[in-house]
Structures are given as structure tokens and as C-alpha cells.
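Chemist: need a structure here:
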Amino acid sequence: MAFLRKWEPFRELIERFFEEDFDFPFSPRLATDVYETDKDIVVEMNVPGYKKEDIKISFQDGYLKIEGKANEEKEEKEKNYWRKEIRRGSFVRVIPLPKEVDSKKAKATFKDGILTISLPKVEEEKETGEEIKIE
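Modeler: Numbering: from 1, shown residues only. Modelled structure (predicted):
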């Protein structure tokens with residue numbers, strides 16, 4: 001059963017600040033999907049306006065780090081903006097992975113502004129233990 005509670009935006013921001021995948025409000029928020037197949041953990045991220053040379057992917061201690069660097073273009077004075085929503089700039093996204101993966105066998109592809117990273121899962125060893133005979 002769900003309970004209603006008063007919305008407190010400042011409190012929510014403070015709570016989210018300490019979450020592992022928090023992005024500061026001024027960094028571009030790029031839509032990201034993380035899902036699991038039989039063999040892989042797959043991360044797909046929309047990165048429109050970036051080139052593959054601008055993106056760096058690293059892995060450490062169960063976290064996937066994706067960084068993008070974009071050259072800020074100087075705002076043209078001649079343009080009289082009615083609305084300016086497109087954010088350009090660098091980003092960093094740290095994603096905790098739900099399972100252990102083999103980062104040495106990871107593969108990444110970049111096509112039509114979508115970055116896809118496939119991380120093979122490490123097969124869990126079934127603990128069978130050793131049988132102890134009763135004398």
C-alpha cells in the first residue's frame with residue numbers, strides 16, 4: 001500500500017545528491033538504458049551531437065564511467081533566440097552495474113548518436129562444496 005507524502009523539492013534534491021548516479025543539474029542529462037541479456041549487461045546511451053572520438057569509457061570496481069567532451073561553441077550574437085534548450089558541453093555519467101562483468105571482453109559501438117556498451121557477465125560458480133563421509 002502506497003502512502004502519499006508532501007512533495008519537498010529541496011529535500012528530494014539533497015537526497016538525490018548522495019545517490020550513486022546523480023548528475024548535477026547543469027550537466028546534460030543523457031537518456032540511458034541498462035538491461036541484462038542471457039550473457040551480457042548492456043548499456044545504451046543517447047549521445048546526440050557527440051563524436052565517438054569525444055567519448056571515453058572506463059570501468060572500475062563495478063562502476064562504468066562514461067565521459068564526453070564537447071567543444072563549447074561561442075554563442076553567436078546575431079542570433080535572437082526565442083528559446084534555447086539545447087545544452088552543449090561535457091558530461092560524466094557513472095553507472096553502478098548490477099552484476100559482476102568481464103571488462104576485458106567489453107565491446108562498445110557508436111551509431112546514429114547511440115552508444116551501446118556490452119559487458120559480458122562473469123559466470124557464477126555454483127558452490128557444490130565437498131562431501132564429508134561419515135565414518
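
Chemist: List the contacts of the most centrally placed residue in the chain.
Modeler: Centroid check for the chain by CA atoms, centre = their mean gives Ile95 as the closest residue, at 4.2 Å. The neighbours of Ile95, taking CB atoms under 8 Å, 6 or more residues apart in numbering as the test, are Asp21, Thr32, Val34, Val43, Tyr63, Leu64, Lys65, Ile66. C-beta coordinates here come from the backbone N, C-alpha and C atoms, glycine included.

Chemist: Equivalent analysis for Val34, please.
Modeler: Counting by CB under 8 Å, 6+ apart, Val34 touches Ile41, Val42, Val43, Ile95, Leu97, Pro98.

Chemist: now the residues you listed: which count as buried?
Modeler: Ile41, Val43, Ile95, Leu97 (16 or more other CB atoms under 10 Å).

Chemist: gap between the third one and Glu130?
Modeler: This points to Ile95. 38 Å (CB to CB, to the nearest Å).

Chemist: Also the second one?
Modeler: Using CB to CB, one obtains 39 Å as the distance from Val43 to Glu130.

Chemist: Check Thr116 too.
Modeler: From Thr116 to Glu130 the distance is 43 Å (CB to CB).

Chemist: And stretch 118-132, end to end?
Modeler: 42 Å (CA to CA, to the nearest Å).

Chemist: That stretch: which residues count as buried?
Modeler: Ser118, Leu119, Pro120, Lys121.

Chemist: Give the pairing partners of the helix or strand harbouring the second one; include direction for each.
Modeler: Just to be clear, that refers to Leu119. Here Leu119 sits within strand 114-120, counting by DSSP states H and E. Using DSSP bridges, the strands paired with strand 114-120 are strand 40-46 (antiparallel), strand 107-111 (antiparallel).

Chemist: Can you tell me which of the ones you listed is packed in deepest?
Modeler: strand 40-46 (a mean of 18; mean count of other CB atoms under 10 Å).

Chemist: Quick one: list the elements packing against the following helix or strand past that strand.
Modeler: For strand 40-46, the following helix or strand on the C-terminal side (DSSP H and E) is strand 55-60. Where contact means 3 or more CB pairs under 8 Å, 6 or more residues apart in numbering; DSSP states H and E, strand 55-60 is packed against strand 63-68, strand 114-120.
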